[in-house]
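A.B. asks: pasted the sequence and its predicted model underneath.
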Amino acid sequence: MAVQDVVSFVVNKLGESLVQEAMLQIGLGDQVDSIKLHFRRMLCFLKEADSMKNEDERVKGWVRDIREAAYEIEDAIDEFHIEVARVKRKGLVLRYVLKPVEWYARHNLGSKITTLQARIREICDSRLAYGIPDLGQSSNGEVIKSTIRKPVLFPEVDDPEIVGLENDKLKITEQLLDGNVRRRCVISIVGTGGLGKTTLARKVYNNKEIKWHFDQLVWLYISQEFNLTDLLKKAVEIINKSKDDNQNKGDDYYARKLNKTLRGKRYLIVMDDVWTTNLWEGINEILPDDKNGSRVLMTTRFLNVAKRADPSSPPYELQLLNEKESLELLLKKVFLHHDPVSCCPAELMGLARDLAKRCDGLPLALVVLGGLLSIKEISYSSWYKVAQTLNWQSDGKECMDILVTSYEDLPYYLKSCFMYLASFPEDYEIQARSLIKMWIAEGFLQHEQIGIVEDTAERYLEELVQRCMVQATRRSSNGTIKSCRVHDLLLEMAIDKANKSNFLVVNPQFDRGCCILARRIALHHRFNGLKKHIDPHLRSILTFSVQNPEGISFELLKVIELQGATQFQNLPHNLNIMIHLTYLGLRATALKCLPSSIRHLTNLQTLDIRDTHIISIPDSLWGIPSLRHVNFSKTRPVIGPLSSSNLLNLQTLGAIQFPQAWERELPHFPALRKLQITNFSNFDWKAIPHLLEKLDCLISFTVIGRTIPIEVVQVSSIPSYHHMQSLHLEGVSLWGRQLDLFDVPPNLTKLTLIKSELKEDPMPKFGKLKSLKILRLIKHSYGGTKLGFSTGGFPKLQTLELEELWQLEELVLENGTMPMISRFFIKECKKLKMLPNMEHLSSLQELVLCRMPYDFSQRAAVFGDDKHKIKHVPSIVIR
């Protein structure tokens, strides 16, 4: 954690009743109070020290001493908790016999506290020697409250600003579409890090002409530590649009599969961020050259990599932005969704030009600096303070200086959150929900006392996005971030900051006899000897692409994330003593069962066992009062909580089977926000109304079964009716001929119906939903022949999906319907004859037609009869 986080966390730990009681029993209550007092005083100066650019080695040393002392106290307290837990779990007789053990644990903790008290006093006394001023003496200590501004619209992907790249985009597009070059050729975009290579490649990739021209498009993120097998497998999965579950398959298997899949097709493969010539040497012979105009688009920092890939195609060397373009991009980031020229006060224009010039034409530097200014007060004094923190000497490190300045400006609680991103691989798409749960489990938000902590964590992530330290790659229907990514230069900085503070280490390298002292470890490949080379006080382990991680039995662990460890089958043997574990991520592992000892994880908040082989869980799981998020597989749902369960903190529960016992007595989880019930059967429906009446906070409700009874959709009387945001119903509706019986929650932002077999056109009813942004009718959800979208209907709808509506023959879109539609997806509607008139859908950005009848697809093709209806749509995909 950032050192302020560590100190705050330890002060709270010292206040725990068990620790206070133990210290009083051995007469050390005053020492504990003294340590808390000293730490609280330190907090007053830590912000001052942290705001300095860490250039003073004395200050660095002082902060490091505080951090290490706080860590030692945290370790001592947590080890004491474990010893007490060991004793309390014994039988009555053994517990009496082991009384000396508990007594020894108290005295051991007391001894450590006494030693650390003297050390902390020394650290406090050394503050003046390190030259750290009293609070308020430095003008840099001012805290300006951040203003977080969500986008006006919530696109599926946050669209990065493109300034000065339009001409580059046209030139690259021309090369890709050049009909005179029939051979498969490699076109490389070359430039330094942060120049906008990926942004340019993405703009070209999403171009409507490109999508029309190529039969198959694949985007691959490469990065420095690429694995050829993983890349080939990923390409096959993208083309086949399904996950390949074959395990232990090597390069040859996926090479043959990819070659066969691409043979005879005109394809475009983007290889983003290539670092070495080894990649092309490994993949060159795999990609077929049928002399049909196939292309490979590569982005790289290195000219030799580009020339080696295709000596006959001159690399496209991307240029820096000029001063005018630099100022435009900077101001676009400062004044989000507004005209920057009119919004920027005249008195700030000169300073803005100086700041833009300092970025030396590098888009990443401009974007990050703009993000920093966007959360500041729009005043000359505020912007001038930012300018003062920059190094104005031209030393070739302008970009990194701006990135470091933006990091140093982060509030202390955001520094821990940002450094945590260092654990993820380069170019990795990070799932926001998982990230937020890990932040909470780590204790980064422990100081928050008001409101739901998950909502606070979402605001933290939004601030990092607004500051342009993180890019939001997908958003949900209610505007919250679904996934995000970190630019590789920012990731490099996060790794460096995390490593230097022993906050986290990534893929550690070690010498014989060396012990890694980091509190957290992230592994992107197999690491043998974890227990041998890692300090036993390790708090978190995160693995990526590690099939069978070993040595994860550290007793003080708080976070275990093993998603995708497809050969991991057994939890640690000492799970029963890992009482500090708060996050257990086991998604897509080979785990077959949860041991009954899981009941001892009394601090567990998140359990994710989706896509595992687990089909039942011990009832003792539901006795853990700290549970907040529990996720099971849809395909292997487990029986829900016991009727006697009292889960006051539970917010997410799914997928579960509805227990018969709930018909007699319902469990108590008043904070539940997301509920997913599957394998729904006829006897379940009686308890549904009573269950929903108890869920005041429910915002997302999913029911999956053979049939969906009327009681499930007659919910207008439940407390959460007006604030429910997402409704997912999968199963034959027993009210299909009486649509008026469907009490649609009025403030839904997302509605999904699957297999509903509605007989009446639901669009007049659904069109009145003022907040609806995503509507999905899938797999026989509607059995009629016509769907009509009337004028004024669906005022906020952004995504419409119609899939496998086999009786549908006609779509009618009146002028003035769906004014904000962005994505229209139609799949396997076998009787649909033609596209509706879409010319008035001016906001439509993407039209996807998948597995439609041949005549329908031909009408929508380049020279088809319906082409005039969709000529304004930037992206049209026909599969």
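C.D. replies: Arrived safely.
A.B. asks: now residue 117: phi and psi?
C.D. replies: Per-residue torsions, residue 117: phi -60, psi -40 (degrees, to the nearest 10).
A.B. asks: measure it to residue 477 for me?
C.D. replies: Using C-beta to C-beta, to the nearest Å, we find residue 117 at a distance of 53 Å from residue 477. Placement of C-beta: from N, CA and C, glycine included.
A.B. asks: ditto for residue 300
C.D. replies: Separation of residue 300 from residue 477 (C-beta to C-beta): 37 Å.
A.B. asks: chain center to the top helix by length along the chain: distance?
C.D. replies: Looking across the chain with DSSP state H, the single longest helix is helix 57-88. The chain centre lies 30 Å from the centre of helix 57-88; the measure is C-alpha atoms, centre = their mean, to the nearest Å.
A.B. asks: and if you look at stretch 338-354?
C.D. replies: 33 Å.
A.B. asks: endpoints of that stretch, how far apart?
C.D. replies: End-to-end distance of stretch 338-354: 21 Å, with C-alpha to C-alpha, to the nearest Å as the criterion.
A.B. asks: quick check: mean pLDDT across that stretch?
C.D. replies: For stretch 338-354, mean pLDDT is 86.
A.B. asks: residues near residue 282, how many?
C.D. replies: Neighbour count of residue 282, defined by other C-beta atoms under 10 Å: 17.
A.B. asks: and what of residue 108?
C.D. replies: Neighbour tally, residue 108, other C-beta under 10 Å: 14.
A.B. asks: and the one 5 residues further on, by the same measure?
C.D. replies: For residue 113, the count of nearby residues is 24 (other C-beta under 10 Å).
A.B. asks: surely it meets residue 73?
C.D. replies: Yes. The pair residue 113 and residue 73 qualifies as a contact (C-beta atoms under 8 Å) at a distance of 7.4 Å.
A.B. asks: secondary structure element for residue 219?
C.D. replies: Using DSSP states H and E, residue 219 sits in strand 216-221.
A.B. asks: so what secondary structure elements neighbour that strand?
C.D. replies: Under the contact definition 3 or more C-beta pairs under 8 Å, 6 or more residues apart in numbering; DSSP states H and E, strand 216-221 sits against helix 228-240, strand 267-274.
A.B. asks: how about the longest one: buried residues?
C.D. replies: Put plainly, it is helix 228-240. Neighbour-count burial for helix 228-240, counted by 16 or more other C-beta atoms under 10 Å, picks out 228-229, 231-236, 239.
A.B. asks: got it, and stretch 163-171?
C.D. replies: 163-165, 168-169.
A.B. asks: just the mean pLDDT for that stretch, thanks.
C.D. replies: For stretch 163-171, the mean confidence score works out to 89.
A.B. asks: for that stretch, output the C-alpha coordinates as PDB.
C.D. replies: Output in PDB follows, covering the C-alpha atoms of stretch 163-171 (Å, rounded to 0.1, in the frame of the first residue of the first chain):
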ATOM      1  CA  VAL A 163      -5.800  14.400 -33.200                       C
ATOM      2  CA  GLY A 164      -3.300  14.700 -36.000                       C
ATOM      3  CA  LEU A 165      -3.800  11.100 -37.100                       C
ATOM      4  CA  GLU A 166      -6.400  11.500 -39.800                       C
ATOM      5  CA  ASN A 167      -3.900  11.700 -42.600                       C
ATOM      6  CA  ASP A 168      -2.000   8.700 -41.200                       C
ATOM      7  CA  LYS A 169      -5.200   6.700 -41.000                       C
ATOM      8  CA  LEU A 170      -5.900   7.400 -44.700                       C
ATOM      9  CA  LYS A 171      -2.400   6.400 -45.800                       C
END
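A.B. asks: picking that back up, ok, and what's touching the strand holding residue 219?
C.D. replies: 205, 210-211, 231, 234-235, 238-239, 262, 265-273, 426-427 (C-beta atoms under 8 Å, 6 or more residues apart in numbering).
A.B. asks: what do you get for stretch 784-798?
C.D. replies: Here stretch 784-798 makes contact (C-beta under 8 Å, 6+ apart) with 153-156, 477, 758-761, 763-764, 766-775, 802, 807-823, 831.
A.B. asks: and that stretch, which residues are buried?
C.D. replies: 787-789, 793-798.
A.B. asks: farthest pair within these?
C.D. replies: 788 and 798 (19.7 Å; C-beta to C-beta).
A.B. asks: gap between residue 787 and residue 708?
C.D. replies: 20 Å.
A.B. asks: ignore what I typed, I meant residue 217.
C.D. replies: In terms of C-beta to C-beta, residue 217 sits 38 Å off from residue 708.
A.B. asks: neighbour count: these two, which is higher?
C.D. replies: residue 708 (26 against 18).
A.B. asks: show me the contacts for the closest residue to that one other than its chain neighbours.
C.D. replies: Among residues not flanking residue 708 along the chain, residue 731 sits closest, at 4.4 Å (C-beta to C-beta, 6 or more residues apart in numbering). Going by C-beta under 8 Å, 6+ apart, residue 731 touches 680, 703-708, 754-756.
A.B. asks: at 10 Å what do you get?
C.D. replies: 678, 680, 703-709, 712, 753-757 (C-beta atoms under 10 Å, 6 or more residues apart in numbering).
A.B. asks: how about residue 579?
C.D. replies: 78, 81-82, 84-86, 555-556, 600-604.
A.B. asks: top of the residues you listed by number of neighbours, please.
C.D. replies: residue 604 (24 neighbours).
A.B. asks: can I assume that one is in contact with residue 647?
C.D. replies: No. The pair residue 604 / residue 647 is not scored as a contact, 11.7 Å apart, by C-beta atoms under 10 Å.
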